[in-house]
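A.B. asks: Provided below are the primary sequence and the corresponding predicted coordinates.
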Amino acid sequence: MTFWQVFLMLMIFVPLIMLWVFTLVDLFQRPDLSGTAKAMWAIAVVLLPLIGMLIYFILRDSETPTADDRPASIPSVPSDPDGSPPGAADVADQLERLADLRDKSILTDDEFQREKDKLLGSSTA
C-alpha cells in the first residue's frame, strides 16, 4: 500500500464505518420504534450506507427518548375536581410510585427526598 492509499483509508473509510456503526447502535437503542421498523431501517442503512444514514438522521426526531433518558420531573397527582388537595390515599399512592422509581434507579435519593418533601408539604397545607 502506498502512503496515499493508507491516508485515504484512514481519513475517509474509517470515519464512514464509525458513522455507520453509530447509526446502527442509535437505531437499536430507540424505544419508540417497533422491531419491524428497526429491521427496515437497519436494512436501509446496511444496503444504502450513505443515503440510508442521511435519511435516517434527517427523519429522526431530535426529541426522541433513548433508553437511558430520565424523566424531567415527576408528574404531580391531580387535585380533586373541586380544587381540594389530594386525599391521603392519593399521597400514599404517589409516595409508593416515587419509591418504585427510586428502587429502579430512575430517581436519585436526593430527587426522591425532594419530591417526597413536596408531596408531604402540599398534603399538610
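C.D. replies: Thanks, I have it. Numbers count the residues shown, from 1 in each chain.

A.B. asks: ok, residue 37 to residue 54 distance?
C.D. replies: 18 Å (Cβ to Cβ, to the nearest Å). No exception for glycine: its C-beta is placed from N, CA and C like everyone else's.

A.B. asks: Ok, residue 98 next?
C.D. replies: Taken as Cβ to Cβ, the span from residue 98 to residue 54 is 43 Å.

A.B. asks: and if you look at residue 110?
C.D. replies: 42 Å.

A.B. asks: any idea how this protein splits into domains?
C.D. replies: Taking automatic domain parsing as the reference, the chain has its domains at 3-59, 73-125.

A.B. asks: about what we covered before: if you count surrounding residues, which of residue 98 and residue 54 has more?
C.D. replies: The neighbour comparison of residue 98 against residue 54 (other Cβ atoms under 10 Å) goes to residue 98, with 21 against 13.

A.B. asks: so where's this protein uncertain?
C.D. replies: 63-88, 122-125 (pLDDT under 70).
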